[in-house]
Every structure is written in structure tokens, then in C-alpha cells.
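J.: A predicted structure for the sequence below; I have some questions about it.
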Amino acid sequence: MKTKLALLAALLALAGCDKRETAVEAGLRTHTLLIGNQNEPASLDPHIMDSVSDFRIAVALYEGLTACDEATAQPVPAAAERWEISTDGLVYTFHLRPAARWSNGDPVTARDFAYSFRRILTPKFGATYAYMLWPIKNAQAFNAGTLADFAQVGVAVIDDATLLLTLERPTPYLPALAAHQTWMPVHRATIEKFGQLEDRDSAWTRPGNLVSNGPFVLTEWRPNARLVAAKNPHYWSAAQNRLERLVFFPIEDSGAEERNFRAGQLHVTFAVPPTKIDSYRQHTPERLRIDPWIYTDYLSFNVTKPPLDNAKLRRALALAIDRDAIARTVFRGAAQPALTLTAPDHSGYVPPERPAHNFAAARALLADAGFPGGRGLPSFPMQVWNDDTIPKVAEVIQAMWLHELGVRITIEPLELKTLIQNQQTLAYTLGTMGWSAGYAHPSTFLDNLRTSHSGNWTGWGRKDYDGLLDQAAHTADPQSRFQTLQRAEALLLEAAPITPCIHVAQAYLIHPAVKNWLPAPLSYRRYHLVWLEP
């Protein structure tokens, strides 16, 4: 009896020492990929989404005419299996895959794309990024409300499998544009079941309601907790998909996200605290990734409010930023100094040369602006996103400006949503902002500073700048187009309604079991090509 009791006690003790299965281990067993995604989605409507973290969910649920190859940032076939371009570059004919299906089994047709394009261009719908479709003939006029008849927009349905787009002007990067979430289709019957074409945020995006055409379909969305997408059996390439589920976690604090990663709760993080980079480099380099990203952090100046209505003052402040020091001390090498708004991409564009920081020249400009040594210049606030990196950048700039120029600023940390709202309404003086390219072409950055553009949150505008962008848009030769864009960017940086600070890399953590997770400069991720391998 004693022997049996001793044996039982020993077995219980061994059972108590068994390691409980972590979420990551369970994910390997069930083919469930656990992803840190920084922010709670503002919407699951691809025509409303406006952040990188939302886009990373969109490419799981939806698929446009084209997709984006992770490594090259170049367009590849997606819902359209092929396309043809007319000799004048003005007509694109997209041929949809016969096997393309919505998650409810309905075929994906050219009419679905035409309906979706009409929806995002409808003025009453108020899509912020409707301009992504403006290369289509009369799309801008329809979006502005000056043209009422959508039949005059260059979108024609030849048959269920053929969509013909006529352009306003040659746009060689149009297939890359077509991979952006604004070009993704929505299911008409589902939209109209829960409202009208122009309704925003109706119940159609909720679990059980949402019908999508991507490799995964929404099954659960618990706000501020997690979003689950399961493998879509109707997706045309479902047989290639080795994942059963994706789970996205909105973890804003990268420190908390890193702790979750170490505790076995995540396979991939959105970011990693810069203070942790050196440790991972030294101890577990196989879990640290620093990938290229076509992204620029910059300062926005509200040029409608004194004292930043003074261009010389703005240029002085721009020259008094040691960007190398910021990249080295704040980002721990996971960033490059940014002297231009355009970030390095794959298009072949070379930005104009710009001087690095020059404190002596900055002091001279400040004096020319009427504020020698900062005298007579009031302290003004800098609004910043309250993450774990940007406030540190602001503190470095604050110290530089005070030491080198005698310029004083205060730092006001804000939630990202509030920061964006304030800049959109010009309810700020100076603020931090960032832009992630939607496609690999300099226009994705430069068009944002057009006069009255929906992405121009500075109050600045110049007809000569707009004219150069228009000239470039109507230039067929790529090198001539790039030369014109160089002149436009040089003008922009001289006027300084913004000043670039850092070209940010994607620094994050990844479990070794995650396979085929390639560097993606546009943050585009074809999840159905990723798999988990213990």
C-alpha cells in the first residue's frame, strides 16, 4: 500500500512539473498564427481603413485585382489572373480568375469591382483615400461631385470576367495602385442588406455578416482584445494555404508586446522596443528582424499659425536636427536619417540632394527670420504620438533646438487618433507624423502635399508645386517624370511645410517556426503563403 501511495505521489509530482502548453505551441499544433498588430482596427471596411495596422488585416480578408510581391514591392496577379495595357498606356483590361469566389461561394465578378469603385468615389461616402482611384478617367470629377453620371467614369464591365479601365493619363504604376486596400472589392448584396452604398460603418463588417474575397474570413472580433480570421475554403488558392487561422492582437505598447512574445503568446510582433534591440542582437538574433520599410517620420508645421507661418523659421528648425543622432540613440540603428520626404523604394527614383544638419546655417536663418538666438520667439507646443519611441525623438529635437538655437518647445503626447484629428483640422502648431507608402513610387509621398489634398494637414499650398506634380503625371518617359518630381520635392523641402526626420525600418520579433515571412517594404503580407513549422 505504501509503495502504491509513493508511486502515486511520484506520478502526481511529475504531472505537476509538466510544462503547460503556451499559446504559441498550441498555434503550431493547430496551424494558428498569432500576430501583434499594434492598434485596434478603426474599421474592417477597406474603403475606410487609413492605417498600416488596419491594412495588415485587410490583405487577409480581401483581395484586389493585383497583390504586391513582398520582396520586390511589385504588383503580381491576384483576383485578376492577367491584364493587358494599350499601346498609349490609357486602357487596362483586367481578366478575373474563373475560380475567384467570395467567402459565401458567390463568384467574384467585374461588376463587383465596378460597384466597389463607384462606392469609394461617391462624394457622400467621404472616403479619405478615394484619390487612389483618380487616375481613372473622370474619377476625380465624380468624386468631387462635379460629374453625376458614373457611366462617364472610365470603368466598364465587358462581361463577368473582364473589367476595362480607361485612364485620365498614363499611369505606369496603376497595377501597383490596384493592390491598395482602396481598390479592394466589397460584396454588394451584403452592403445593401445592412444599408445603402454610401453608408459608413454599418453592421456588414461584423462577424457572421462580413463576406470577403481574401484567403481568410472574419470569425471573431472582440474590440481591444483580438480579431480572428479563419481559412476561407472558397478562396481560389485555398489549397496552397497551410494556415487554419490568423489571430490579430491590438497591443499598442511595444514593451507589453515584447513581454507577450517572451511568454509564448505571439509568433510575430508588430514592433520591438528600441531599448531591447541590442539585447536581441546579442542573445537571440534569430528572433529579431529589421526589414526595409518605405516609411518616413516627419514633423508637420501648421503654416497658418504664427510663428510657423515664417518659412525661414521653418527652414532653420529643419537644419537644426541631427538626424544621425536620432537614428543612433533612439532607434538603435533600426532607422536611417531622412533628408527627403520620399523614402528609398523600388521604383528607380533618386530624391534631390539635401544638406544634413548645419547648426551655424540654422542660427543664421533664425536671425534672418527675426529671432536671433531665439529672442522674441515664444515657446510653442509639439504634439506627438504617445508610443514608446516618438516622445523620445521629440525630446532629442527639443534639446537640440534649445541648445543650438535658443528655441523652446513643449511636448504634448496624444493618442494616435487624437493626433491625427488635430492635424486634419489644423488644431495644432507643430506635430509629428509618419507616412507609409501605399505603392512603390514617389508620388505616394509627394501628392499628399498638394494644395487642399486630403492628406495635406499643414495648411500649405503652392501652385508651382501642384503644377510640377501635374507635369510629372502627364509625362510618359519615366526618367523625365522622375526629374520633374525631383524639382517638386526640392521646392517642397525648401518651403518646409514639413521636415523629414527618419526613414523607419520594420524592427520586430518573430518565432523561428514562422516560415516564408519575407521582408515586405510595403507591409503587404500574403498570409496564405506563410506556414508554421515546429
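T.: Cool, the structure landed. Residues are numbered from 1 along each chain as shown.
J.: host element of Lys309?
T.: Actually, residue 309 is Asp. It isn't Lys. Using DSSP states H and E, Asp309 falls within no helix or strand.
J.: what about it, how many neighbours?
T.: 14 (other C-beta atoms under 10 Å). (Each C-beta comes from the backbone N, C-alpha and C, glycine too.)
J.: before we move on, what about Thr284?
T.: Applying other C-beta under 10 Å, we find 12 other residues in the vicinity of Thr284.
J.: and for Met132?
T.: Neighbour count of Met132, defined by other C-beta under 10 Å: 21.
J.: now do Ala239
T.: 9.
J.: show me what counts as buried in stretch 41-52.
T.: Pro41, Ser43, Leu44, Asp45, Pro46, His47, Ile48, Met49, Ser51, Val52 (16 or more other C-beta atoms under 10 Å).
J.: next: stretch 299-310.
T.: Across stretch 299-310, burial judged by 16+ other C-beta under 10 Å covers Leu299, Ser300, Phe301, Asn302, Val303, Pro307, Leu308, Asn310.
J.: with stretch 465-474 instead?
T.: Neighbour counts over stretch 465-474 (16+ other C-beta under 10 Å) mark Tyr465, Asp466, Leu468, Leu469, Ala472, Ala473 as buried.
J.: now for those: which two are most distant?
T.: Using C-beta to C-beta, the two most remote members of the buried residues of stretch 465-474 are Tyr465 and Ala473, lying 12.9 Å apart.
J.: surely Ala476 touches Leu90?
T.: No. Counting by C-beta atoms under 8 Å, Ala476 does not reach Leu90; the two are 10.5 Å apart.
J.: so between the two, which is more surrounded?
T.: When neighbours are counted by other C-beta under 10 Å, Ala476 and Leu90 differ, and Leu90 comes out ahead with 17 against 11.
J.: contact partners for Thr122?
T.: Asn143, Leu197, Glu198 (C-beta atoms under 8 Å, 6 or more residues apart in numbering).
J.: name the helix or strand for the closest residue to Arg206 other than its chain neighbours, please.
T.: Nearest in space to Arg206, with sequence neighbours left out and distances taken as C-beta to C-beta, 6 or more residues apart in numbering, is Trp221 at 7.0 Å. Using DSSP H and E, Trp221 sits in strand 216-222.
J.: that older thread, helices - which of the buried residues of stretch 41-52 land there?
T.: Val52 (DSSP state H).
J.: and the buried residues of stretch 41-52 as CSV, adding distance to Asp447?
T.: Formatted as CSV, the buried residues of stretch 41-52 follow (distance: C-beta to C-beta, whole Å):
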residue, distance to Asp447
Pro41, 25
Ser43, 23
Leu44, 26
Asp45, 23
Pro46, 20
His47, 19
Ile48, 20
Met49, 19
Ser51, 18
Val52, 18
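J.: between the buried residues of stretch 41-52, which sits nearest Arg118?
T.: His47 (10.9 Å).
J.: mind checking how far that closest one is from Glu63?
T.: Look at His47 and Glu63: by C-beta to C-beta, to the nearest Å, they are 15 Å apart.
J.: before we move on, back to that, now go through the buried residues of stretch 465-474 and say which are in helices.
T.: Tyr465, Asp466, Leu468, Leu469, Ala472, Ala473.
J.: closest to Phe150 out of those residues?
T.: Looking across these and measuring by C-beta to C-beta, the closest to Phe150 is Ala473, at 22.8 Å.
J.: the strand holding Trp221: what's the following helix or strand?
T.: Beyond strand 216-222 on the C-terminal side, the first helix or strand identified by DSSP H and E is strand 226-231.
J.: check contacts around the residue nearest to Arg206.
T.: Contacts of Trp221 (C-beta under 8 Å, 6+ apart): Pro41, Leu44, Arg206, Pro207, Leu227, Val228.
J.: could you pull out the strands for the stretch 301-450 of the chain?
T.: Here the stretch 301-450 of the chain has its strands, by DSSP state E, counting those that start in this stretch, at 335-337, 380-385, 409-414, 430-436.
J.: can you point out the buried residues in the second one?
T.: Okay, so that is strand 380-385. For strand 380-385, by 16+ other C-beta under 10 Å, it's Phe380, Met382, Gln383, Val384, Trp385.
J.: hey, what's the fourth one bridged with?
T.: Counting by DSSP bridges, Val384 is bridged to Pro413.
J.: turn the strands of the stretch 301-450 of the chain into a markdown table, including mean pLDDT.
T.: Formatted as a markdown table, these follow (pLDDT from 0 to 100):
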| stretch | mean pLDDT |
| --- | --- |
| strand 335-337 | 94 |
| strand 380-385 | 96 |
| strand 409-414 | 97 |
| strand 430-436 | 94 |
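J.: make TSV out of those and add distance to Lys276.
T.: Converted to TSV, the strands of the stretch 301-450 of the chain look like this (distance: least, C-beta to C-beta, whole Å):
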stretch	distance to Lys276
strand 335-337	15
strand 380-385	19
strand 409-414	21
strand 430-436	21
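J.: now do stretch 424-438: distance from first to last residue.
T.: In stretch 424-438, first residue to last residue: 19 Å (C-alpha to C-alpha, to the nearest Å).
J.: check stretch 175-195 too.
T.: Stretch 175-195 end-to-end distance (C-alpha to C-alpha) = 31 Å.
J.: distance from it to the middle of the chain?
T.: What separates the centre of stretch 175-195 from the centre of its chain is 18 Å, taken as C-alpha atoms, centre = their mean, to the nearest Å.
J.: circling back: could you list which of the contacts of Thr122 belong to strands?
T.: Using DSSP state E, no member of the contacts of Thr122 falls in strands.
J.: which of those count as buried?
T.: For these, buried by 16+ other C-beta under 10 Å: Asn143.
J.: between the contacts of Thr122, which sits nearest Val211?
T.: Distance to Val211, by C-beta to C-beta, is smallest for Leu197 among these, at 15.6 Å.
J.: pull the contacting residues for the closest one.
T.: Residues in contact with Leu197 (C-beta under 8 Å, 6+ apart) are Tyr115, Arg118, Arg119, Thr122, Phe125, Ile191.
J.: wait, doesn't the first one sit right on Ala189?
T.: I take that to be Tyr115. No. Tyr115 is beyond contact range of Ala189, at 10.1 Å (criterion: C-beta under 8 Å).
J.: which of the two has more neighbours?
T.: Per other C-beta under 10 Å, whichever of Tyr115 and Ala189 has more neighbours is Tyr115, with 20 against 12.
J.: how about the more buried one: what's its closest non-neighbour residue?
T.: That would be Arg188: by C-beta to C-beta, 6+ apart, it lies 4.9 Å from Tyr115.
J.: likewise for Thr109?
T.: Asp160 (4.3 Å).
J.: now do the strands in the stretch 151-300 of the chain.
T.: For the stretch 151-300 of the chain, the strands defined by DSSP E, counting those that start in this stretch cover 155-159, 162-166, 216-222, 226-231, 245-249, 288-291, 295-301.
J.: list the contacts for Ala343?
T.: So Ala343 contacts Trp293, Ile294, Tyr295, Thr296, Ala437, Phe445, His503 (C-beta under 8 Å, 6+ apart).
J.: which of those residues has the most neighbours?
T.: Phe445 leads the contacts of Ala343 on contacts (other C-beta under 10 Å) with 29 neighbours.
J.: from what I see, that one and Ala437 are in contact.
T.: Yes. With contact defined as C-beta under 8 Å, Phe445 reaches Ala437; the gap is 6.9 Å.
J.: from Arg363, how far off is Asp345?
T.: Counting by C-beta to C-beta - Asp345 and Arg363 are separated by 34 Å.
J.: how far does stretch 42-57 stretch from start to finish?
T.: From its first residue to its last, stretch 42-57 covers 11 Å (C-alpha to C-alpha).
J.: measure how buried the residue lying closest to Asn310 once chain neighbours are set aside is and give me the count.
T.: The shortest distance from Asn310 to any non-neighbouring residue, by C-beta to C-beta, 6+ apart, is to Ala369 (5.2 Å). Using other C-beta under 10 Å, Ala369 has 19 neighbouring residues.
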